[in-house]
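J.: Sequence first, predicted model second:
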Amino acid sequence: MVSLQINGQMHNVDVAPDTPLLWVLRDILGMTGTKFGCGIAQCGACTVHLDGQAVRSCMLPVGAIKNRGITTIEAVGNTPAGAKVQRAWLDLEVVQCGYCQSGQIMSAAALLNSTPQPDDSDIDAAMAGNICRCGTYVRIRAAIKKAASTA
């Protein structure tokens with residue numbers, strides 16, 4: 001049995017400690033907002049926050065999480081940075097197909113948590129591990145800048 005604090009609630013799941021967090025979120029708990037993309041932590045579709053830091057859940061074994069808090073796309077809008085990012089995403093109509101967008105939003109919110117006024121190099125570094133097959137990178141950058149400028 002593994003205990004996880006997800007979106008402010010405790011969940012006890014009967015899985016092996018080496019089970020990736022992504023599979024617990026999607027298959028055990030039914031939180032399907034976090035997406036499976038590549039399975040090797042390269043595309044960013046599975047990004048969640050672990051104590052506010054963006055991490056790839058497809059390669060993160062639940063046994064390594066310990067007592068740290070997990071935030072998923074389902075709850076990131078309850079945080080100040082997450083709410084700003086989600087609003088900017090909607091205002092600028094960032095989404096095209098949408099598959100990668102939960103990971104993009106999670107990475108952008110983590111960036112604004114650590115760097116409230118990011119410059120282009122900060123955005124490049126934070127978003128480098130998130131792939132968008134539709135090529136919405138220009139709108140993603142604009143939305144991050146808009147979210148950063150929102151009071």
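T.: Great, that's in hand.
J.: Near the closest residue to Trp89 other than its chain neighbours, how many other residues are there?
T.: Spatial nearest neighbour of Trp89, excluding adjacent residues (CB to CB, 6 or more residues apart in numbering): Ala143 at 5.2 Å. (Glycine included, C-beta is placed from N, CA and C.) A count of nearby residues for Ala143, using other CB atoms under 10 Å, gives 26.
J.: same deal with the one 4 residues further on?
T.: Residues near Ala147, counting by other CB under 10 Å, number 26.
J.: I'd like to know how far it sits from Val94.
T.: Separation of Ala147 from Val94 (CB to CB, to the nearest Å) stands at 11 Å.
J.: same deal with Ala88?
T.: Ala88 is 8 Å from Val94, by CB to CB.
J.: tell me, what's touching those two both at once?
T.: Among the neighbours of Ala88, those also in contact with Val94 (CB atoms under 8 Å, 6 or more residues apart in numbering) are Ala143.
J.: The chain: helices as residue ranges?
T.: Along the chain, the segments classed as helices by DSSP state H run 21-23, 80-91, 101-114, 120-127, 137-149.
J.: I'd like the average pLDDT over the first one.
T.: What helix 21-23 shows for mean pLDDT is 98.
J.: Output the below-cut-off pLDDT ranges for this protein.
T.: Regions of the chain meeting the criterion pLDDT under 70 cover residues 151.
J.: before we move on, the earlier item: closest to Leu60 out of the helices of the chain?
T.: helix 21-23 (4.6 Å; CB to CB).
J.: hang on, the earlier thing: what's the closest of the helices of the chain to Leu4?
T.: helix 21-23 (7.9 Å).
J.: what residues does the closest one touch?
T.: Residues from elsewhere that reach helix 21-23 (CB under 8 Å, 6+ apart): 4, 15, 34, 36, 46, 48, 57-58, 60-62, 65, 70.
J.: Export those as a markdown table, with columns for distance to Cys100 and neighbour count.
T.: Converted to a markdown table, the contacts of helix 21-23 look like this (distance: CB to CB, whole Å; neighbours: other CB atoms under 10 Å):
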| residue | distance to Cys100 | neighbour count |
| --- | --- | --- |
| Leu4 | 24 | 22 |
| Val15 | 26 | 18 |
| Thr34 | 11 | 22 |
| Phe36 | 11 | 16 |
| Cys46 | 10 | 26 |
| Val48 | 14 | 29 |
| Ser57 | 14 | 28 |
| Cys58 | 13 | 23 |
| Leu60 | 18 | 20 |
| Pro61 | 23 | 15 |
| Val62 | 23 | 24 |
| Ile65 | 24 | 22 |
| Ile70 | 20 | 25 |
